[in-house]
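J.: when you get a sec, could you give me coordinates for this:
(chains A and B)
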Number of protein chains: 2
Amino acid sequence: MAGLPVAVDAMGGDRAPQEIVAGARLAAEEGIPVVLVGPPELVGDTAGLELVECTEVIAMHEDPAQGVRRKKDSSLVRAAELVRDGRASAMMSAGNTGATMASALLRMGRLPGVARPCIATPLPRLGRAPAVLVDAGANAECTSAMLVQFAQMGAAYVAARYQVTEPSVALLSIGEESSKGTPLVKEVHSLLAELVPSPGSAAATSSGLRFLGNIEGRDLLPSPADVVVTDGFTGNVALKALEGSLRFLLHTLFEVFGTDDATKAASEVLMPHLLPIASALDPENTGGAMLLGVEGVCVISHGSSTSVATLNAIRVAHELARGGLVDHLAEAVSAGPAGQA
Amino acid sequence: MAGLPVAVDAMGGDRAPQEIVAGARLAAEEGIPVVLVGPPELVGDTAGLELVECTEVIAMHEDPAQGVRRKKDSSLVRAAELVRDGRASAMMSAGNTGATMASALLRMGRLPGVARPCIATPLPRLGRAPAVLVDAGANAECTSAMLVQFAQMGAAYVAARYQVTEPSVALLSIGEESSKGTPLVKEVHSLLAELVPSPGSAAATSSGLRFLGNIEGRDLLPSPADVVVTDGFTGNVALKALEGSLRFLLHTLFEVFGTDDATKAASEVLMPHLLPIASALDPENTGGAMLLGVEGVCVISHGSSTSVATLNAIRVAHELARGGLVDHLAEAVSAGPAGQA
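T.: The predicted structure is shown next:
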């Protein structure tokens, strides 16, 4: 596995192919094996990297299901096939999120026992490893069994990615009490509570996660739990609400900085302190979202990914493939009660 | 109506009764008639205001349904009864949100044709009137007919409160396309699209709202639409995610300001510019949330309300009662197709 390259969708993202190829080049210079996938006439200069040629590209806003069905020789579908065929250790794209998921799901297939794959997206926490939100948008409609599996896979993922032992899991709701929320949330609450190992029981090792109960939207930044579980509709709305408000406040702050000479001078004093924080909150630097529950590692980077974001995403894909993430996820869903659901 | 007082729950909120009574006193000094409601031995000094005496208080974290059922002589239940009995024009509380809703619903009753009342909460927009989020948490589970009524009532509310003509309405989803979201969201999308008046049709006046389509979580701050419609679960999560991230960033910014003498000096230059923005984003200053769909005006202020927040909430309650909000809401829900749903 260590010798296999990461398959990089050279045509995915608002700044493809230039920034994507540049990021892949940086990864190669670090010793990470990479292979680009794309139509040679569109990719252009490959910076000396190997290119797996194809003839089509699924556009950013193209219908994902139709795109994957019709464009069988697209960079996304071919990248997923490289993983399926054992020719790549992982795939990475900053392109159409839905089409990336569909390519991975249709070509790699689901992990045994997994009802539906989900998207795990980092929630920044200053000064420590991010928390992870599952599902951040793969499934608008969910069952309780799906949400329990998201919790299990999310816990296995943060354990593998951030070396968290006994990851803590919280359920996103509209009150801390177990009686709060939709019927779905209440049912998931009781199922997750059952996963908590009783003292001394054998279940302690089988679930390997600690359930903290419900948290609310105001607790997402920073999250007290390593994994926050919700359906893909709520998760996507919440994540984008956070992104939008951070962007809005930073924009407003920079406008204030530019008011006059005095504010500009003041901003120069503060900048060295503010930039590391802005950087920690920036999706560019978190290494992208991960599709959990397919038979391979699939990293979905932000649509506006630069070469640095691409490099970070490739690093994550490479390390998790090498660390056996897929095996850990398969083990996680087979362990708990939902493995039989 | 103009001469009737606003019934103020003197015991509602983290800073009750002192800040609530002080806010009511400020309102009275502006010429707004107010009456306090609460147990005299707990309220203490009424600052010269009339007190309607009762014997019980529903605590902030008490179960709302049980509280209202058992504590028939509580300040919340009595305040709602004053409105029902035509002895007050409106009620205002900064206490237990669920119990405030339950008191208003059970004592005032629903407006004819309204399936379920909803909570309308302001979403700040710098330099212009706030947008309004409906439902911000009253109903964790919703039908499509309920959401259409939330849109109609939200539109009538922003028209009355912020003098918006032809309010614009957007539906919160996980993509702009009408095909995105849960089955509920897709159905509401098509129902709201039908409400849009065809050019020259009589429906132009009957709905009185413009449907802008779907928006995403990242569009909430600032919202392009005057009214954002969603179910109470998603709405509550999104609203608290916004509140949490604003609080987090302001807290982080103030920490940076306090780093050393240089940053402290820089912050003093910026403060006069930042304070008006922080103030505009502060829930204290927006006049509270409104319960829409009951037979009376009911303002729910933030739990941490100070005298200023209390004053603002009482002002809003007084003005909307005087402006005939309840009649406008009744008209709005009877106009559209959902009036028959």
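J.: only C-alpha atoms from now on, for both contacts and neighbour counts.
T.: OK.
J.: which residues in the stretch 51-200 of chain A form strands?
T.: Under the criterion DSSP state E, counting those that start in this stretch, the stretch 51-200 of chain A carries strands at the ranges A:51-53, A:90-93, A:118-123, A:131-134, A:168-172.
J.: which one, of those strands, ends up nearest to chain B?
T.: With CA to the nearest CA as the measure, strand A:168-172 is the member of the strands of the stretch 51-200 of chain A nearest chain B (7.9 Å).
J.: what is that closest one packed up against?
T.: helix A:144-162, strand A:210-215, strand A:227-229 (3 or more CA pairs under 8 Å, 6 or more residues apart in numbering or on different chains; DSSP states H and E).
J.: what lines up beside that strand in the sheet?
T.: Applying DSSP bridges, strand A:168-172 is found paired with strand A:210-215 (parallel), strand A:227-229 (parallel).
J.: quick one, helices of chain A?
T.: Taking DSSP state H as the criterion, chain A carries its helices at A:18-29, A:40-43, A:64-70, A:75-84, A:97-108, A:144-162, A:183-195, A:203-207, A:232-257, A:261-281, A:307-322, A:325-335.
J.: quick one: contacts for A:R87?
T.: A:L4, A:P5 (CA atoms under 8 Å, 6 or more residues apart in numbering or on different chains).
J.: could you report the distance from it to B:T286?
T.: 58 Å (CA to CA, to the nearest Å).
J.: re the thing from before, want to throw the strands of the stretch 51-200 of chain A into a markdown table with mean neighbour count and mean pLDDT?
T.: Conversion of these to a markdown table gives the following (neighbours: other CA atoms under 10 Å in any protein chain shown; pLDDT from 0 to 100):
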| stretch | mean neighbour count | mean pLDDT |
| --- | --- | --- |
| strand A:51-53 | 18 | 98 |
| strand A:90-93 | 31 | 98 |
| strand A:118-123 | 27 | 96 |
| strand A:131-134 | 30 | 97 |
| strand A:168-172 | 26 | 97 |
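J.: just the strands paired with strand A:168-172: most buried one?
T.: Neighbour counts (mean count of other CA atoms under 10 Å in any protein chain shown) averaged over each of the strands paired with strand A:168-172 peak at strand A:227-229, with a mean of 31.
J.: in chain A, which residue is most central in space?
T.: Centroid-nearest residue in chain A, with CA atoms, centre = their mean: A:A289, separated by 1.6 Å.
J.: let me know the pLDDT of it.
T.: The per-residue pLDDT reported for A:A289 equals 95.
J.: quick check: beta-bridge partners of the nearest residue to it once chain neighbours are set aside?
T.: Closest residue to A:A289 apart from its sequence neighbours, by CA to CA, 6 or more residues apart in numbering or on different chains: A:T121 at 4.5 Å. Counting by DSSP bridges, A:T121 is bridged to A:L133.
J.: contact partners for A:T121?
T.: A:T121 touches A:V132, A:L133, A:V134, A:D135, A:A136, A:G288, A:A289, A:M290, counting by CA under 8 Å, 6+ apart.
J.: just A:G137 next, same as before
T.: Per CA under 8 Å, 6+ apart, neighbours of A:G137: A:C118, A:I119, A:D231, A:G232, A:F233, A:G235, A:N236, B:I174.
J.: any chance of those residues in CSV, with distance to B:G244 too?
T.: CSV is the format used below for the contacts of A:G137 (distance: CA to CA, whole Å):
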residue, distance to B:G244
A:C118, 25
A:I119, 23
A:D231, 20
A:G232, 20
A:F233, 19
A:G235, 15
A:N236, 16
B:I174, 21
